[in-house]
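Trainee: here is my input, please return the structure:
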Amino acid sequence: MTSKRDYTVRGLRLEAEGVLSVELVPADGGMPPAWEPGAHIDVVVGDGTVRQYSLCGEPGDDALRVAVLREPAGRGGSHWIHDRLRPGDRVAVGGPRNHFALRPAPSYLFVAGGIGITPLLPMIRAVDGSGLDWRLHYYGRLTATMAFRGELAAYGDRVALHPAGPAVRPEPGTLLANVGEEALIYACGPARLVEALAGAATCRGCCGRFLTELFAAPEDQAPRERGAFTLRLERSGTEVEVPADRSALSVLTDAGVDILRDCEEGICGSCETRVLAGAVDHRDHVLTAQERAANDCMMLCVSRAAGARLVLDL
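Mentor: This next block holds a predicted model:
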């Protein structure tokens, strides 16, 4: 579980139609925590709930920068940021945390859809600064809605913009046709784009080199049984029972435990909690196979005990 820290809004900027970037500096005057490309933060919005936003600034800067798309059909967090948040306001922030880290490779293909460009920006800066080969294909509804076009223009023909319109846009799968055998493919965007790329990566035998961050949880094709189990909170010595029809997160919240939460689908990582003992039945879409095998954390919103009992660092 990530503790929260107060930040002050230093600046706001309209990056594209419907996309607002927010600069946040620690309210105590210190420096933000260190972070690496792919990281995101948890922002407590006006109604007290939490939203995740990818960091799109520069690691080591004195401010954290995120970009927020106004979501007409969203839950209200983006509207609050666009309409209510102003320079000088304070917000509580958790993190940074990173489940979409940039791995070493000789070359990279980046594919973004809409606001999915945000976690890729710091990756591109890092890769370009290291002199490595890379390309970006950026899909958008309209050119006017595609954020950070000015920053990306500096990279010349390494960047290809694909707004919808009369021009034929390349199918996502065709982008993988000339990817090198050791290249890594990073994608972030709407499910339709990511699923098309994932399918193409599987067909071409490069799914192990395809990395993505999800906007929504995929449908569970094979629902798994949900048994009851016991949670022990090591710091307080409290024990609670999690029935088969409830999540660990909901039970702990009702018990008065303060836990960051947002998606409740196992895709954002905000409720990640350290596990001290017991086997976890991982059901999230965040952790890698290696992280699951380590068995030292779990996403409380969806994951459960593989046995009768878990001990948490709470």
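
Trainee: for the residue nearest to residue 98 when sequence neighbours are not counted, give its distance to residue 248.
Mentor: Spatial nearest neighbour of residue 98, excluding adjacent residues (Cβ to Cβ, 6 or more residues apart in numbering): residue 39 at 4.0 Å. No exception for glycine: its C-beta is placed from N, CA and C like everyone else's. Taken as Cβ to Cβ, to the nearest Å, the spacing of residue 39 relative to residue 248 amounts to 25 Å.

Trainee: quick revisit: the residue nearest to residue 98 is in contact with residue 52, isn't it?
Mentor: No: in this structure residue 39 lies outside contact range of residue 52 using Cβ atoms under 8 Å: 10.4 Å.

Trainee: if we can go back for a sec, phi, psi for the residue nearest to residue 98 please.
Mentor: Main-chain torsions, residue 39, degrees, to the nearest 10: phi -80, psi 160.

Trainee: contacting residues around it?
Mentor: By Cβ atoms under 8 Å, 6 or more residues apart in numbering, residue 39 lies in contact with 54-55, 95-98, 100-101, 119.

Trainee: what's the pLDDT at it?
Mentor: pLDDT for residue 39: 95.

Trainee: the longest strand seen in the chain pairs with which strands, parallel or anti?
Mentor: Longest among the strand segments of the chain by residue count, using DSSP state E, is strand 4-16. Strand 4-16 sits in its sheet next to strand 19-26 (antiparallel), strand 90-97 (antiparallel), going by DSSP bridges.

Trainee: if you average pLDDT over each of those, which is lowest?
Mentor: Looking at these, the bottom one is strand 90-97 with a mean of 93.

Trainee: flag every buried residue along it.
Mentor: 91-97 (16 or more other Cβ atoms under 10 Å).

Trainee: so what touches the lowest-mean-pLDDT helix or strand in the chain?
Mentor: In the chain, the helix or strand scored least confidently by mean pLDDT, DSSP states H and E is helix 289-294, which has a mean of 84. With Cβ under 8 Å, 6+ apart as the test, helix 289-294 has contacts from 280, 282, 297.

Trainee: show me how far it is from its chain's centre.
Mentor: Taking the mean of its C-alpha atoms, helix 289-294 sits 18 Å from the chain's own mean (Cα atoms, centre = their mean, to the nearest Å).

Trainee: which element follows it toward the C-terminus?
Mentor: Going down the chain from helix 289-294, the next helix or strand is strand 297-299, by DSSP states H and E.

Trainee: that next one: what's the following helix or strand?
Mentor: From strand 297-299 onward toward the C-terminus, using DSSP H and E, the following helix or strand is strand 304-305.

Trainee: for the helix or strand following that next one, list the C-alpha coordinates in CSV.
Mentor: Downstream of strand 304-305, the next assigned helix or strand under DSSP H and E is strand 309-312. Extracted C-alpha coordinates of strand 309-312, given in CSV (Å, rounded to 0.1, in the frame of the first residue of the first chain):
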residue,chain,number,x,y,z
ARG,A,309,-5.0,-17.7,5.3
LEU,A,310,-2.9,-14.7,4.3
VAL,A,311,-0.8,-12.4,6.5
LEU,A,312,-0.6,-8.8,5.3
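
Trainee: now do the same contact list for the residue lying closest to residue 164 once chain neighbours are set aside.
Mentor: Leaving out its chain neighbours, the residue that sits closest to residue 164 by Cβ to Cβ, 6+ apart is residue 141, at 5.6 Å. The contact partners of residue 141, by Cβ under 8 Å, 6+ apart, come to 114, 163-164.

Trainee: ok, residue 265 - how many residues close by?
Mentor: 16 (other Cβ atoms under 10 Å).

Trainee: again, but for residue 165
Mentor: Residue 165 has 10 neighbours, counted by other Cβ under 10 Å.

Trainee: quick one: contacts for it?
Mentor: residue 142.

Trainee: what helix or strand is it located in?
Mentor: Secondary structure (DSSP H and E) places residue 165 outside all helices and strands.

Trainee: distance of it relative to residue 74?
Mentor: Applying Cβ to Cβ, the value for residue 165 to residue 74 is 26 Å.

Trainee: so which residues of the stretch 201-314 of the chain form helices?
Mentor: Remark: helices assigned in the stretch 201-314 of the chain by DSSP state H, counting those that start in this stretch are 248-254, 289-294.

Trainee: re earlier: of the contacts of residue 39, which is the nearest to residue 24?
Mentor: Nearest to residue 24, judged by Cβ to Cβ, of these is residue 55 at 9.9 Å.

Trainee: check that closest one and give its pLDDT.
Mentor: Predicted confidence (pLDDT) for residue 55: 97.

Trainee: no further questions, thank you.
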